[in-house]
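Sequence first, then the predicted structure, then my questions.
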Amino acid sequence: MTTQDAVIHPAAIINELKKNDVTHVVWLPDSETNFMFELLTGEPALDLVPVCREGETMAIAAGLWVGGKKPVVLIQNTGIFESGDSIRGLGLDVHQPLVMLIGYRGWSRHGLTNDSAARFIEHILHAWGINYYLIETDDDADRITLALAEADRNQKPVAVLVGTEFGA
Amino acid sequence: MINNTEAVKVIDSKRGDAVFVATMNANNVSFGLPTVTSNEKLDFPISGAMSKASSVGLGLALAQPQRKVVVLDGDGSLLMNLGSMVTVSNKAPTNLYHFLFDNGVYAVTGGQPVPGTGRSDWEEMAKGAGYAAVFNFDNLEDLATGIDQVLASTGPVFIRLAVTPEIENSAVQDRPRPSRSVLTAFKELPEALAKS
């Protein structure tokens, strides 16, 4: 695989979501996922729900889920820090089988990162007991399916960390 | 000013098969929805996540577009999630009715004033956020007269109610507990939606 190929493309993510009958993507754009916007808005099978602040996403997803839909959340790791009470009260406490796709700002497997958003995120997920998968290329996209199955099986939120910027 | 219990009674009397997403004052087990409800299985209390009633209500309204979703919110609660008013208006669910119980204080923590009391204007904020219709009631008679028009309006509708502060000063462990937990409500609502 060339360096050019070692990215994840929006179509690979969206295909995984459609394959699993996801109905809604509740999101706030970030630099790791911004290339998905055009495809998401043009995808009739997925209803995009934009929010003003990330803590809204788990709450909106809770309403969608209890109303019979299958949402995912798509935000950046910085937004996870803002969303603590929603994840606690409307994710973990009510057993919501929610998959959170999280842009992994600051992620690097090539040395130290100085970005505290990257240094803290996995610790935070560990503290909450939320399992997570890392995706970096199109070859990893099927981990979204694993995450959705795990969330459903355990009735609990699961995270998917998007550890690279999307290709166009 | 409107009495909390009387306000909830009026709204509940016209609910039909609407889901009520309630938090804070409007969901108080002494003077809120639990004391007057006519359809407990379609009540959806979310006191475990203060501020998120409008967001949960939006999700439910999008999932159940043929059913009215009535949010019973508090002013201190909504101030913590003010952006949700724009999020709601942006998706424009025609079946969402967002009632704000505005008492100007944090009633459950002893009655401290919320920021903006007497200065900020909920009616103007809701209009500015882009709600399809906005109502403002400061006495029970007008609410009782106007409730049919409110619920006949195309959503999202925002309704500000000026309610009397009912302050709780007892220790938290001494306060009456709700008969249904948030988790119970989450478990029971899907079946209730399917049946009604």
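That came through fine. Numbers count the residues shown, from 1 in each chain, chains lettered A, B, ... in the order given.

Helices of chain B, start to end?
B:4-13, B:33-36, B:53-63, B:75-79, B:83-91, B:122-129, B:140-152, B:182-195 (DSSP state H).

Against residue B:55, how distant is residue A:35?
In this structure, residue A:35 lies at 26 Å from residue B:55, with Cβ to Cβ, to the nearest Å as the measure. For every residue, glycine as well, the C-beta is placed using N, CA and C.

who's more crowded, the two?
A direct count of neighbours by other Cβ atoms under 10 Å in any protein chain shown for residue A:35 and residue B:55 places residue B:55 higher, at 33 against 19.

wait, that one sits on residue A:54?
No. Counting by Cβ atoms under 8 Å, residue B:55 stays clear of residue A:54, with 11.1 Å between them.

Can you work out which residues contact both of the two?
Taking Cβ atoms under 8 Å, 6 or more residues apart in numbering or on different chains as the contact definition, residue B:55 and residue A:54 share no neighbouring residue.

picking up where we left off before, could you dump the helices of chain B to a markdown table with distance to chain A and mean pLDDT?
Shown next, in a markdown table, are the helices of chain B (distance: least, Cβ to the nearest Cβ, whole Å; pLDDT from 0 to 100):
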| stretch | distance to chain A | mean pLDDT |
| --- | --- | --- |
| helix B:4-13 | 19 | 96 |
| helix B:33-36 | 17 | 88 |
| helix B:53-63 | 2 | 98 |
| helix B:75-79 | 12 | 96 |
| helix B:83-91 | 3 | 98 |
| helix B:122-129 | 10 | 98 |
| helix B:140-152 | 20 | 98 |
| helix B:182-195 | 4 | 94 |
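
Check the ones you listed for me and report the most buried one.
The highest average neighbour count among the helices of chain B, using mean count of other Cβ atoms under 10 Å in any protein chain shown, belongs to helix B:53-63 at a mean of 30.

Checking the most centrally placed residue in chain A next. Helix, strand or coil?
Chain A has residue A:101 as the residue nearest its centroid, 0.5 Å off, counting by Cα atoms, centre = their mean. For residue A:101, the reduced secondary structure class is strand; criterion used: DSSP: H, G, I helix; E, B strand; the rest coil.

How about residue A:153?
Reducing the assignment at residue A:153 to three states with three-state DSSP gives helix.

ok so, going back, could you dump the helices of chain B into CSV and include distance to residue A:21?
Below are the helices of chain B laid out as CSV (distance: least, Cβ to Cβ, whole Å):
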stretch, distance to residue A:21
helix B:4-13, 35
helix B:33-36, 34
helix B:53-63, 14
helix B:75-79, 33
helix B:83-91, 21
helix B:122-129, 32
helix B:140-152, 33
helix B:182-195, 17
